[in-house]
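Undergrad: Provided below for reference: sequence and predicted model.
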Amino acid sequence: MAAKLFEIKELRNKKFVFEDRLDASQWLARILMPYYNKASDTVVFGIPSGGVPVAIGLATALNLPLDLIIVRKVPIPGNTEAGFGAVTLDGQVILNQDLVTYLHLSPDVIERQVASVKAELEARNHMFRRGRPLPDMSGRTAILVDDGLASGFTMLACVETVERLGASKKVVAVPTASQAALGRVGEKVDEIFCPNVRTGPYYAVAEAYRHWHDLSKQEVLNLLESTNFFK
């Protein structure tokens, strides 16, 4: 892994270490604070849905501007919870080729799943960002935030997005992640902040949280409205 990793050693391989996503954002803020508090030319990007409360808490703690990156995993047919890749708002597709091969997914199946995701991306961008263009990141630092990394492919799609926006430094900030995902993402970014690193063959983001649920679109909107994001 090329990226420099910042973790909290006593949290390694622990489960249920965060009360909820807001609590997790405060743990993240503790290890980012020495480096990014009021940092100039730095933007915190939350990844809807689960990454939004974490990003809000982090951006608030660090006194940094908040934005969102709209990406979506490409769901495995018949299993909406698991994905075999991710799609960005501008149409870039990143596939987990090993999983595609293992599942024997045909090009037609992949194309149908990707097309469905692209339609959903446009709707979510209109809903969560009001269709605003993403900021010019030339010479700036992007801090990419989600509530956890399982495979890392969704985060890789976000990394590619900020690269195309011109970001000079790419930082990933997640409360929890599998070691495999960190290795995959670490080849593409400069720094990773992750309090709860988990090793081993099995990993689930939800196992880092004592209180966990999938956020609805309305919950995300309520959170964004509470921060005056739409002003």
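TA: Ah, there it is. Numbers count the residues shown, from 1 in each chain.
Undergrad: Where does the record place the domain boundaries for the protein?
TA: Listed by automatic domain parsing, the domain ranges of the chain are 4-70+136-226, 74-127.
Undergrad: Am I right that Pro135 sits in a helix?
TA: No. With DSSP: H, G, I helix; E, B strand; the rest coil as the criterion, Pro135 is coil rather than part of a helix.
Undergrad: okay, it: pLDDT?
TA: Pro135 carries a pLDDT value of 92.
Undergrad: Among the domains of the chain, show me which one is buried the most.
TA: Of all the domains of the chain, domain 4-70+136-226 has the most neighbours on average by mean count of other CB atoms under 10 Å, namely a mean of 19. (Each C-beta comes from the backbone N, C-alpha and C, glycine too.)
Undergrad: Chain neighbours aside, what residue packs nearest to the most centrally placed residue in the chain?
TA: Nearest to the geometric centre of the chain sits Asp146, at 3.3 Å (CA atoms, centre = their mean). Nearest non-adjacent residue to Asp146, counting by CB to CB, 6 or more residues apart in numbering: Gly51, 3.8 Å away.
Undergrad: quick one, what contacts that neighbour?
TA: Val145, Asp146, Asp147 (CB atoms under 8 Å, 6 or more residues apart in numbering).
Undergrad: coming back round to it: worst mean pLDDT among the domains of the chain?
TA: Among the domains of the chain, domain 74-127 has the lowest mean pLDDT, at a mean of 80.
Undergrad: Can you get me the start-to-end distance on that one?
TA: Start to finish, the residues bounding domain 74-127 are 20 Å apart (CA to CA, to the nearest Å).
Undergrad: Which residues does the longest helix anywhere in the chain contact?
TA: As assigned by DSSP state H, the longest helix anywhere in the chain is helix 107-129. Contacts of helix 107-129 with the rest of the structure, by CB under 8 Å, 6+ apart, involve 48, 67-68, 70-75, 77, 84-85, 87-89, 91, 93, 95, 100, 131, 217, 220-221, 224.
Undergrad: what lines up beside whatever helix or strand comes next after that helix in the sheet?
TA: As assigned by DSSP states H and E, the chain's next helix or strand after helix 107-129 is strand 141-145. Using DSSP bridges, the strands paired with strand 141-145 are strand 42-46 (parallel), strand 169-173 (parallel).
Undergrad: Since that was my last question, I'll sign off now.
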